[in-house]
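Trainee: take this sequence and fold it.
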Amino acid sequence: MPDFSNAVVSPVSGLWKRTVTGQGGLLSGVDPASYSTSDPLRLLIIQIGIIIMMGQLLSLGLGKIKQPKVIAEVLGGILLGPTAMGRIPGFTEHIFPSQSITYLSLVANVGLCLFLFIVGLEIDGSALKRNVRSSLFIALSAMTLSFGLGASISVPLYHTFIPSSVKFTYFMVFIGVTFSITAFPVLCRILTALKLLDTTVGAVVLSAGVCNDVVGWSLLALAVALVNATSGLTALWILLTCVAFTAFLMWPVRIALLRFARFTGSTENGPTMFFMTVTILVFWACSFFTDIVGVNAIFGAFLAGLIVPREGGLAIALTEKLEDMVTIIFLPLYFTISGLNTNLGLIDNGITWGFTVAIICLDFAGKFTACTITARITGMGWRESGTVGSLMSCKGLVELIVLNIGLAANILTQRVFSMFVFEALVLTFMTTPLVSILYPPERRVRAAVGGVSRASTGDPDEDKSDRKSPMTEDQPWRSRFTVVLDKFDHMAGMLVATQLVCPPSLKSPLVATLRSTASTRTFDKIKMPEVSVDTLRLIELSDRTSDVMKSSAVDTLIRTDPLLSVFRTFGELNDIPVSLSLSIVPYDDMPGTVADHARRFGSQLLLLPWLSPSSNTNEDLSGPHSPKIELNPFEAFFGGSKHTGKSAAVIHSQFVRRVFAESKTDVALFIDPAGTGTGSARHIFCPFFGGPDDRLALEFVVQLCANPRISATVVRMSKSSAESAAVERPSLAHLEEKASLDMPSLGYQMPVPANVVYPDTFYGQANTEMHFQSETANSVLWARYANSELSDDIPSSLSAALSRIKFSEHSSPLPLHSAIQLASVHKPVLVVVGRSRRLAGEDHTSELPQILEEWGSVGQDVIKKTIGDPATAFVASGCATAVVVLQASNVC
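Mentor: Below you'll find the predicted structure:
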C-alpha cells in the first residue's frame, strides 16, 4: 500500500482508541507538551503554533528584500530541524518526538493535496495561448538541457553517496526531474513582488511556467510509477492507467462538471454549497485513485484542479475559499517535515561541499542558458532573455515535493536530500536580486495586447494621447473623460458625475422639448461634442494565489466584473460611448497606473471618486434616548474611530494626493458624503478665488450648465481688510438646523490623527512673474464669462450655458465664511471649487482653523493637504450635498 494511504490509516486507527485518560490536563499536573498516543491533539496544536510563528517571523524580515514567503517557511523548517534547534538538548524529543511525526505528516500531506489542487486551479490555458510558441520553445528546451545535466551529475553522485541497493535508473530519473522542474507557484509570487506581471517578460514566463509545470508533473508521475512498480511491465500498466484516467477526467468528467456548475448557477453567482461538496468529493476521489494505482495522491489532486470550470471566474472563487487555510497552516507543516529531514550539518567535508556547489552551478546554468538563448531566438532582447532565464531557475516548493518523494522511496539518502534542499533554497533566494539587477523598472516593457494585468474593450496599447479634441473658443467643452472605479459603493457618485459632465444628447426628450419652445436657429448653432468615457476598474494585486489568477484571467474579468457591467449598461441607456478597462496592480502602483492610463487614453478630465465610509452604516443613533454627540463632518468624509487608529479612508487620501501629484491631466475629485451622488441637487455654487485650479473650476461649471436642467451661481471672492471694509462676520445661525441638510447622521466623532506624517505634494516655487500671469488669466477669464452680455463675439455654444449662470462679486475679510453662507442659500447644492494648492488667489491659512474649530473638526492637516483649504471649509460646514474639487494640469 502506498505511503499516503498508510499515513492515513495508521493515525486514524489510533484516534479510535483515544480514551478519557488525562482529560484533567494542566490542572492535574500533566505536561501539556508531553506526547500521548491517546491524545495527540495537544502536541499537534503546539507544533502548529511554533511552525506558523517561526515562518511568520522570518517572512517579516525576508519580505523587506522582496523574497517570497516560501523562503521563510523553508528556512523556518530547516531551523526547527536537526540543523539548528534540533541541536538544543531535549528540543526535538519534547516538541517533535518521532512518534508524533506520523500525525504531523498526515496533516501536512492533506494540506499538500489541497495545495496541488490549487496549483491545478492556477493553470489557465488562456495564459499559455498568448505566447504558445515562445513559451513551449523556452520550457521544453530548458527541461531538456536541465534533465541532461541532472542525468550527468547523477553518475558521480550515485557512486559517491547512494548505496548499491538503489537502482541507478531510478536515481537518475529523480535527479533529472529535480533539475528540470520550475516552481510555478513560487514564480507567480516573485512576479507579483517584483511587479512584473504586466510586462512582456512576465507574460512569457507565466506561459513557460505553465508548460514546465504540466510536463514536470508528468515526468514525476513517471518516476514514481517506475519506483513503485515491481517490473517494467507493471510500470507500463501504471503509466497507461494514469493516461486513461487523465483522458477520462479531461473529457467526460470535465464536461459533466461544467454542466453541473451551470445547472447550480455557480458560474454566475459563485460556487454553491452543493457544487463545492461535489468538487471536494471529486478531488478526494482523484487523489485516492492515483494513490492506489501506484502514483502519489498529489497527482490526482493536481488533475482535479485542472478539470474545474474556468467559466465565470469559478476557479478563482474556489481558490479564494481554500487558499488562506492552505497557505497559512498546511504548507508550513509540509516545509517543517522537509526541514526535520534536512541536516545541513551533514554537508561537512570538501567532497560534499564540492558536489553541492556543482549541483547549484549546473542546475542554474542549465535553466539560465537554455531559457536565455531560446528567448533571444524568439525575438526578445538580451536583457529580457536573461531575466527569463533567471526566473525559470526558481525552485522552491515543487523541488521539495520531488525530493520528499525520493526520500520516502529510499531513492535519496539524508545527505543527498540535504544537499538538494540547500540548492533549492539558494536558487530561489538568488532569483529576486538577480532579476532586479537584470530588469530594473526603467528597462521594463509592458505586455502586448491581452497582457497579463490589464485589458480593455478597445485597444489598450494604442496611445491616444495625441487625439485629444482641441478646446477652442467655439468648442470649449471637454469631451474625453476617464472615470476611476475601485468599489461598488462609488457607483452612485460616479454615475451622477459622468451624467453631469456629459452634455445631453440632442435626441433626448428634454432637449427635444426645449428645442421646440426655443428658436431653431439658436439650437442649430449649439455644437455638442462627441463625448467618450473610459472607465478604469482598479483591483489591488496582492501575493494571494487568487489575485495572481485574476491577473491572468483579466480578459474574462472585464466582461464579468459587476462594476464594469453596470457602467456599460449606464452608457447604453444614456447614449454615451463607454470603453471599459481593467487593471490589476499593487496598491502602491495604482496612482501611477491611473495617471498613465489617462495619458494613454488622451483624457481631458480624470474623475476620481470619494465616498463616506459612514454612508453604509445601518445604525440609527438619532433615537429619543440617544446621547448627544458632537457631529464631525470629516468623520463622514474620512471614517475611522479613535480606537481603531488610521482608517482606510485616510490611506485612500494618500492615493488621491498621489494622483493629483502624478497626473498630467486635469483631475476632478467627486466627494459624496451621503453616498448617493448629488441627490436632487440641480444648482451649482462655485466660489472663484483665482488661480489655475479655480479657472478650471469655472470652465467646468460652464460646461455643466450646457445641460438645460443645471443652473449655477458663480461668485468671485476677494479678501478685504477688516479696517477698510465695514463688513460684519457672516452669521451661520441658519446652518444649525442640521436636519434640513441632505447629510447623513454620523453619530460619532473622530478627527483624523494629526500625528501621522505624510509627504506633501510638491509643485515647485512660483515667482512673481508666474503670479502676475495667473492673475491676468483670472481677470481675462472672468471678464469673458461674467460680461458675456456686453460682447457680440461670444460663441453660440457658450451663450445657452452662460444664460443659466448668475455671476457676482463679493468682498469680505472672511471670504470662506461668506462663501459658506452664500452656498447655504441654495438647498440642495453642488459645490464646485478649485483645489488651490498652487498659485492660489487668496491665502486662507488664518481663517480655515477658525472654521474647523467652529465645527469641531480640529487637526485636519491631512484633509487640508488633500483637497485644499476652500473645499475643506465646505466639507467641514456640511452645507453642500456634494463637492467637486478640481486641479488643473498646467500651472498657468
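
Trainee: quick one, helices of the stretch 251-400 of the chain?
Mentor: Applying DSSP state H, counting those that start in this stretch to the stretch 251-400 of the chain gives helices spanning 254-264, 266-269, 273-292, 297-306, 314-325, 331-340, 350-377, 382-392, 397-408.

Trainee: quick one: which of these is nearest Phe245?
Mentor: Nearest to Phe245, of all the helices of the stretch 251-400 of the chain, is helix 273-292, at 6.4 Å by C-beta to C-beta. (C-beta placed from N, C-alpha, C; glycine too.)

Trainee: just the buried residues of that closest one, please?
Mentor: The neighbour-count check on helix 273-292 (16 or more other C-beta atoms under 10 Å) flags 275-276, 278-279, 282-284, 286-287, 289-291 as buried.

Trainee: pLDDT averaged over that helix, what's the number?
Mentor: Throughout helix 273-292, pLDDT has a mean value of 96.

Trainee: contacts for it, please.
Mentor: Here helix 273-292 makes contact (C-beta atoms under 8 Å, 6 or more residues apart in numbering) with 2, 4-5, 113, 117, 242, 245, 249, 253, 257, 260-261, 264, 266, 271, 296-301, 303-305, 307-308, 318, 321.

Trainee: narrow these to those that are buried.
Mentor: Neighbour-count burial (16+ other C-beta under 10 Å) is assigned, among these, to 2, 4, 113, 117, 242, 245, 249, 253, 257, 261, 264, 266, 271, 296-301, 303-305, 307-308, 318.

Trainee: just the strands from the stretch 451-600 of the chain, written as ranges.
Mentor: Using DSSP state E, counting those that start in this stretch, the strands of the stretch 451-600 of the chain run over 454-456, 480-485, 532-540, 578-585.

Trainee: may I see the helices of the stretch 251-400 of the chain organised as a markdown table, with distance to Pro68 added?
Mentor: Formatted as a markdown table, those follow (distance: least, C-beta to C-beta, whole Å):
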| stretch | distance to Pro68 |
| --- | --- |
| helix 254-264 | 31 |
| helix 266-269 | 32 |
| helix 273-292 | 26 |
| helix 297-306 | 21 |
| helix 314-325 | 15 |
| helix 331-340 | 12 |
| helix 350-377 | 17 |
| helix 382-392 | 12 |
| helix 397-408 | 10 |
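
Trainee: and these: which comes nearest Val650?
Mentor: helix 314-325 (26.4 Å).

Trainee: what comes up buried for the closest one?
Mentor: Going by 16+ other C-beta under 10 Å, helix 314-325 has these buried residues: 314-320, 322-323.

Trainee: before we move on, the earlier item: would a markdown table of the strands of the stretch 451-600 of the chain with distance to Ser824 be doable?
Mentor: Formatted as a markdown table, these follow (distance: least, C-beta to C-beta, whole Å):
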| stretch | distance to Ser824 |
| --- | --- |
| strand 454-456 | 43 |
| strand 480-485 | 30 |
| strand 532-540 | 33 |
| strand 578-585 | 36 |
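
Trainee: reformat those as a markdown table; add mean neighbour count and mean pLDDT.
Mentor: Converted to a markdown table, these look like this (neighbours: other C-beta atoms under 10 Å; pLDDT from 0 to 100):
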| stretch | mean neighbour count | mean pLDDT |
| --- | --- | --- |
| strand 454-456 | 24 | 47 |
| strand 480-485 | 24 | 94 |
| strand 532-540 | 22 | 92 |
| strand 578-585 | 22 | 91 |
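
Trainee: which one, of these, ends up nearest to Glu842?
Mentor: Glu842 sits nearest to strand 480-485 of all those, at 29.5 Å, using C-beta to C-beta.

Trainee: that closest one vs strand 532-540, what angle?
Mentor: Relative orientation of strand 480-485 and strand 532-540, computed by axes from the mean of the first three to the mean of the last three C-alpha atoms, to 10 degrees: 30 degrees.

Trainee: what's the angle from strand 480-485 to strand 578-585?
Mentor: Going by the same axes, to 10 degrees, strand 480-485 makes 50 degrees with strand 578-585.

Trainee: strand 480-485 - contacts with which helices or strands?
Mentor: Helices and strands touching strand 480-485, by 3 or more C-beta pairs under 8 Å, 6 or more residues apart in numbering; DSSP states H and E, are helix 491-501, strand 532-540, helix 562-573, helix 590-601, strand 605-611.

Trainee: what's next to it, contact-wise?
Mentor: With C-beta under 8 Å, 6+ apart as the contact definition, strand 480-485 has outside contacts at 467-469, 491, 494, 497-498, 501-502, 531-538, 563-564, 567, 594, 597-598, 601-609, 665.

Trainee: from these, keep the buried residues only.
Mentor: Taking 16+ other C-beta under 10 Å as the criterion, what is buried in the contacts of strand 480-485 is 469, 491, 494, 497-498, 501-502, 531-538, 563-564, 567, 594, 597-598, 601-609, 665.

Trainee: ok, back up a step: would JSON lines of the buried residues of helix 273-292 with distance to Phe685 be doable?
Mentor: Shown next, in JSON lines, are those (distance: C-beta to C-beta, whole Å):
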{"residue": "Phe275", "distance to Phe685": "54"}
{"residue": "Met276", "distance to Phe685": "54"}
{"residue": "Val278", "distance to Phe685": "59"}
{"residue": "Thr279", "distance to Phe685": "57"}
{"residue": "Val282", "distance to Phe685": "62"}
{"residue": "Phe283", "distance to Phe685": "61"}
{"residue": "Trp284", "distance to Phe685": "65"}
{"residue": "Cys286", "distance to Phe685": "66"}
{"residue": "Ser287", "distance to Phe685": "67"}
{"residue": "Phe289", "distance to Phe685": "72"}
{"residue": "Thr290", "distance to Phe685": "71"}
{"residue": "Asp291", "distance to Phe685": "73"}
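
Trainee: check those and tell me the two furthest apart.
Mentor: Pairwise distances across the buried residues of helix 273-292 peak at 24.7 Å for Phe275 and Asp291 (criterion: C-beta to C-beta).

Trainee: any idea how far Cys371 is from the residue nearest to Pro586 when sequence neighbours are not counted?
Mentor: Nearest non-adjacent residue to Pro586, counting by C-beta to C-beta, 6 or more residues apart in numbering: Leu541, 5.1 Å away. From Leu541 over to Cys371 the distance is 25 Å, taken as C-beta to C-beta, to the nearest Å.
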